[in-house]
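Trainee: Mind folding the following:
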Amino acid sequence: MALDKISQTVQQFRQDVLGRGGPQISSMYEVTLAHIAQEPIVCYPLNVILPGRQFVYYEHDLWGPVRKIPYKRGYTQCHMSFVVYQDWAERTYIESWMNSIILNDNVPGVNFDANSVTARPQTFVADAVREQEAQDAFNNALATGGPASSDANFGFNYQDYIDYTNGFGTVLINCLNSQTKEPNVTIMLKEAFPAAISQMSMASDGTSYPTFNVTFQFNDYHYL
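Mentor: Model (predicted):
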């Protein structure tokens, strides 16, 4: 940077800062959760930890200094803390989102379509006496393309499936302008899903409101 571009006085520095709109206010943000199977919901988490970005690289050191060559993008997780309101809307939305990806009701005797890509269940053996027989049948079913509802040796069949295609969604994090309330920057998490909901504390003294944390995984993000 040229010397004439550096603020020489406090007043000039102040003018430079104000000319850029001032610092981003950390409390000015809004989040939109958009699960593919639900209507989007706009919410205001207690705090948001924006994901970081990095490169995965390998080291090339045939001779001389080690050269680090990037070959793949990588991201850290996105974390959000939510306040629980009387309607429990945010928690309900995220619970439904997670249920759409993997659902295990542990209901015995449920038939399923083994040929369905989005509803291929796992099977579990309830009778320990037939455990080895069931394991052999399970291994045989895997070798032939998956278990079928006619495989009697599996014991109980459970309604347990993974539906990734219809389970992911998009998370929009808008960092807002303090004057116009329009986004200065938008972070779009693509192919995102809630990977974990933290434990939540309730207290009988009523001195604090309940909160919970959510960790979001995603495949890619756009910096808009």
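Trainee: contacts, neighbours, all on C-alpha from now
Mentor: Noted.
Trainee: quick one: the spatially closest residue to residue 44 that is not a sequence neighbour from residue 213, how far?
Mentor: Here the nearest residue to residue 44 in space, its sequence neighbours aside, is residue 30; by C-alpha to C-alpha, 6 or more residues apart in numbering that works out to 5.2 Å. In this structure, residue 30 and residue 213 are separated by 16 Å, where distance is defined by C-alpha to C-alpha, to the nearest Å.
Trainee: go on, residue 191?
Mentor: In this structure, residue 191 and residue 213 are 20 Å apart, going by C-alpha to C-alpha.
Trainee: how's this structure carved up into domains?
Mentor: Following automatic domain parsing, the chain resolves into domains at 25-60+67-101+166-223, 106-158.
Trainee: Where does residue 16 fall, secondary structure wise?
Mentor: Assigned by DSSP states H and E, residue 16 falls within helix 10-19.
Trainee: can you count the residues close to the closest residue to residue 17 other than its chain neighbours?
Mentor: Sequence neighbours aside, residue 23 is the residue nearest to residue 17 in space, at 7.5 Å (criterion: C-alpha to C-alpha, 6+ apart). Burial measure for residue 23: 10 neighbouring residues, criterion other C-alpha atoms under 10 Å.
Trainee: give me every residue that touches the spatially closest residue to residue 83 that is not a sequence neighbour.
Mentor: By the measure of C-alpha to C-alpha, 6+ apart, the closest residue to residue 83 outside its immediate chain neighbours is residue 211, 4.5 Å from it. Residues in contact with residue 211 (C-alpha atoms under 8 Å, 6 or more residues apart in numbering) are 81, 82, 83, 84, 200, 201.
Trainee: can you give me the strands in the protein?
Mentor: With DSSP state E, the ranges of strands along the chain come out as 29-35, 41-43, 47-49, 53-60, 67-75, 78-83, 102-104, 160-162, 169-176, 183-197, 211-217, 220-223.
Trainee: looking at these, which is closest to residue 15?
Mentor: Nearest to residue 15 among the strands of the chain is strand 183-197; the distance by C-alpha to C-alpha comes to 19.8 Å.
Trainee: Tell me which strands the closest one pairs with, and in which orientation.
Mentor: Strand pairing for strand 183-197, using DSSP bridges, gives strand 169-176 (antiparallel), strand 211-217 (antiparallel), strand 220-223 (antiparallel).
Trainee: what's the angle between it and strand 78-83?
Mentor: The directions of strand 183-197 and strand 78-83 differ by 80 degrees, with axes from the mean of the first three to the mean of the last three C-alpha atoms, to 10 degrees as the criterion.
Trainee: got the CA positions of strand 183-197 in PDB?
Mentor: Extracted in PDB, the C-alpha atoms of strand 183-197 (Å, rounded to 0.1, in the frame of the first residue of the first chain):
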ATOM      1  CA  PRO A 183     -27.200  -8.200   3.300                       C
ATOM      2  CA  ASN A 184     -23.600  -7.100   3.100                       C
ATOM      3  CA  VAL A 185     -22.500 -10.700   2.600                       C
ATOM      4  CA  THR A 186     -24.400 -13.900   2.300                       C
ATOM      5  CA  ILE A 187     -22.900 -17.300   3.200                       C
ATOM      6  CA  MET A 188     -24.800 -20.100   1.400                       C
ATOM      7  CA  LEU A 189     -24.200 -23.600   2.700                       C
ATOM      8  CA  LYS A 190     -25.100 -26.000  -0.100                       C
ATOM      9  CA  GLU A 191     -26.200 -29.600   0.400                       C
ATOM     10  CA  ALA A 192     -26.400 -28.900   4.100                       C
ATOM     11  CA  PHE A 193     -28.000 -30.900   6.900                       C
ATOM     12  CA  PRO A 194     -28.000 -30.700  10.700                       C
ATOM     13  CA  ALA A 195     -25.500 -33.300  11.900                       C
ATOM     14  CA  ALA A 196     -25.900 -32.900  15.700                       C
ATOM     15  CA  ILE A 197     -28.200 -31.300  18.300                       C
END
